[in-house]
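Colleague: sharing a model that was predicted from the sequence below.
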Amino acid sequence: MASQETIALAADHAGFRLKNVLKDEIEGAGYATLDCGTDGPESVDYPDFAHALVEALAQGRASRGVLVCGTGIGIAIAANRAPHIRAAVCHDVTTATLARAHNDANVIALGARIVGEEVARDCVRAFLTTPFAGGRHERRVAKLGQPAKPRKPANVPV
């Protein structure tokens, strides 16, 4: 049984239904949830709900998050603008597992129009139960929250 770690969830209108399915899955696994919206199927702007989840993590009200929109892409882009967020768009258990193990993803983004309910449940279970592998991945993950530094590629002729 998981500790009472809190997982934040947020979705736009396209992800509203799947967000609620995943909320039940997460609570059934013993986690607390923080629902950052949306609260219905009416059209909304996904960045607003990504930002609500980002703020919840920044304030320590949740330790990890689950985002859902039509593809998972737009809502992940919005969340990843914050340096403390590592949101990974996942389509299957392998991508969800590696997002945690290699990238220490603290947010998973799913596409309600891309993955079915069972695959989404499997992705969330993998996201919640896979630890960060550390080791050689730590150096790379540490660079993710830093501004990009322009570099000349080694194999480009002058």
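Modeller: Perfect, I can see it now. Numbers count the residues shown, from 1 in each chain.

Colleague: which SS class is F49?
Modeller: Under DSSP: H, G, I helix; E, B strand; the rest coil, F49 falls in the helix class.

Colleague: mind checking the SS state of the closest residue to it other than its chain neighbours?
Modeller: With sequence-adjacent residues excluded and distances taken as CB to CB, 6 or more residues apart in numbering, F49 is closest to A10, at 4.1 Å. In this view, the C-beta of every residue, glycine as well, is placed from N, C-alpha and C. Using three-state DSSP, the structure places A10 in strand.

Colleague: 36 is where my numbering starts, stick with that
Modeller: Got it, the first residue is 36 from now on, which makes the last one we talked about A45.

Colleague: so A45 touches A85, yeah?
Modeller: Yes. Using CB atoms under 8 Å, A45 makes contact with A85 at a distance of 6.3 Å.

Colleague: joint contacts of these two?
Modeller: Here A45 and A85 share the contacting residues L102, I110, scored by CB atoms under 8 Å, 6 or more residues apart in numbering.

Colleague: which pLDDT value goes with the closest residue to T106 other than its chain neighbours?
Modeller: Spatially, and ignoring its direct neighbours in sequence, T106 is nearest to G146 (4.0 Å; CB to CB, 6+ apart). pLDDT, G146: 98.

Colleague: for K58, same thing?
Modeller: You'll see K58 listed with a pLDDT of 98.

Colleague: retrieve the pLDDT associated with M36.
Modeller: Reported pLDDT for M36: 44.

Colleague: related to what we said a few turns ago, beta partners of the residue nearest to F84?
Modeller: L102 (DSSP bridges).
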